[in-house]
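In: got a sequence here, can you model it:
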Amino acid sequence: MEEKKYNTKEIEKLFEAGAHLGHKKNRLHPKARKYVYKMVNGVAVIDLTITAEQLHVAKEYLKDAAKNGKRLLVVGTKRVASQFVQEYCKEKGIPHITTKWMPGLLTNFETLSKNTKKMIDYEVGKENGSWDQFVKHERTKMQKDLNRLKRLYGGIEDMKKKPDVLFIIDIKREKNALKEAKQNGIPVIAITDTNTNPDTVDYPVVANDDSPTSAHYVIESILSAYTVEKSEEAKATKPKEVKKEEVVKTEEAKVETKEEVKEEKKVKKVAKKTVKKETKE
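Out: Next up, the predicted model:
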């Protein structure tokens, strides 16, 4: 018998968060039927034993991705998730998009990355006083442009290369992100509600993505697996801190060693002269 990869506590937490509440029957995607436990008053009730299993698989995949230094991009522009994703990812240093997916972000990454560079140049110029040379109306125009760039690219300014993994909240809303990820061969983890096709995603987690409590719980659960593993890797690769006393001792030992070598050479030199003298006699 195959071992279950979840525990009952996980199912209880998902249930408390309302993750089991899907869409009405007329909005149920045919491919999502296999994840529905039953219909109650015309509403699909998601089988949380499957969701818990999927959640475990997604977390394990992200742990492995973090361990191998893979870059993650989180995409969540829907209202119930955007603010939460922005705050969480900003705190943890994870690239994210929470306002609008820019077409061509992955398929034309080099061109769009120029906009992030422009945004950074604007910020640097404003901070070091370079803007002062411009008249007021020009500075106002530059500020508006900066605000627009920050709104669109603020979450990905540190993303110098294409991401290795995408985490999408609501694949129906983020269909362009999913499409571009597929075109670029980038694996996708996603929260997929019953109104979408989970089979289009590499690592789907079928759950209610319209409820803030449900969406936030699943998002944090998945991202914590990535951030915790990332922190562990950072600790493992961090150079060992050397105390000042240890440095002093090491330097003293080096000096002593040098003195010993000098002394040894001196002794050998004297011995050599003595042997030479005795040989002549």
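
In: going forward, measure contacts and count neighbours with C-alpha atoms only.
Out: Will do.

In: what residues sit buried inside stretch 9-18?
Out: 10-11, 14, 17-18 (16 or more other CA atoms under 10 Å).

In: adding distance to residue 137 and pLDDT, write those out as a markdown table.
Out: As requested, the buried residues of stretch 9-18 are exported to a markdown table (distance: CA to CA, whole Å; pLDDT from 0 to 100):
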| residue | distance to residue 137 | pLDDT |
| --- | --- | --- |
| 10 | 56 | 93 |
| 11 | 57 | 95 |
| 14 | 53 | 97 |
| 17 | 50 | 97 |
| 18 | 51 | 96 |
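
In: which of those fall in helices?
Out: Mapping those onto helices (DSSP state H) picks out 10-11, 14, 17.

In: of these, closest to residue 65?
Out: Among these, residue 10 lies closest to residue 65 (CA to CA), at 22.5 Å.

In: spatially nearest residue to the closest one, not counting backbone neighbours?
Out: Sequence neighbours aside, residue 52 is the residue nearest to residue 10 in space, at 6.4 Å (criterion: CA to CA, 6 or more residues apart in numbering).

In: which SS state does the one you found fall under?
Out: helix (DSSP: H, G, I helix; E, B strand; the rest coil).

In: settle this for me: it is touching residue 11, isn't it.
Out: Yes: Residue 52 lies in contact with residue 11 (CA atoms under 8 Å); the separation is 6.1 Å.

In: got CSV for the ones in helices among the buried residues of stretch 9-18, with distance to residue 167 too?
Out: Shown next, in CSV, are these (distance: CA to CA, whole Å):
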residue, distance to residue 167
10, 20
11, 21
14, 19
17, 20
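
In: list the contacts of residue 165.
Out: 70-73, 186-189 (CA atoms under 8 Å, 6 or more residues apart in numbering).

In: try 7 Å
Out: 71-73, 186-188 (CA atoms under 7 Å, 6 or more residues apart in numbering).

In: closest one of these to residue 29?
Out: Residue 29 has its nearest neighbour among the contacts of residue 165 in residue 188, at 19.5 Å by CA to CA.

In: now the residue nearest to the closest one when sequence neighbours are not counted: which helix or strand?
Out: Once flanking residues are discounted, residue 188 sits nearest to residue 166: 4.8 Å by CA to CA, 6+ apart. Per DSSP states H and E: residue 166 is located in strand 165-169.

In: sheet-wise, list the partners of that strand with their directions.
Out: Take DSSP bridges as the rule and strand 165-169 pairs in its sheet with strand 72-75 (parallel), strand 188-192 (parallel).

In: and after the last one, which helix or strand comes next?
Out: For strand 188-192, the succeeding helix or strand toward the C-terminus, using DSSP H and E, is strand 203-206.

In: got the contact list for that following strand?
Out: Outside strand 203-206, the residues that touch it by CA under 7 Å, 6+ apart are 51, 54-55, 58, 188-193, 198.

In: one more time with 6 Å
Out: Contacts of strand 203-206 with the rest of the structure, by CA atoms under 6 Å, 6 or more residues apart in numbering, involve 51, 54-55, 58, 189-193, 198.

In: quick one: the helices in the chain, in order.
Out: Along the chain, the segments classed as helices by DSSP H run 8-17, 48-67, 79-92, 109-128, 136-153, 175-183, 212-237, 244-280.
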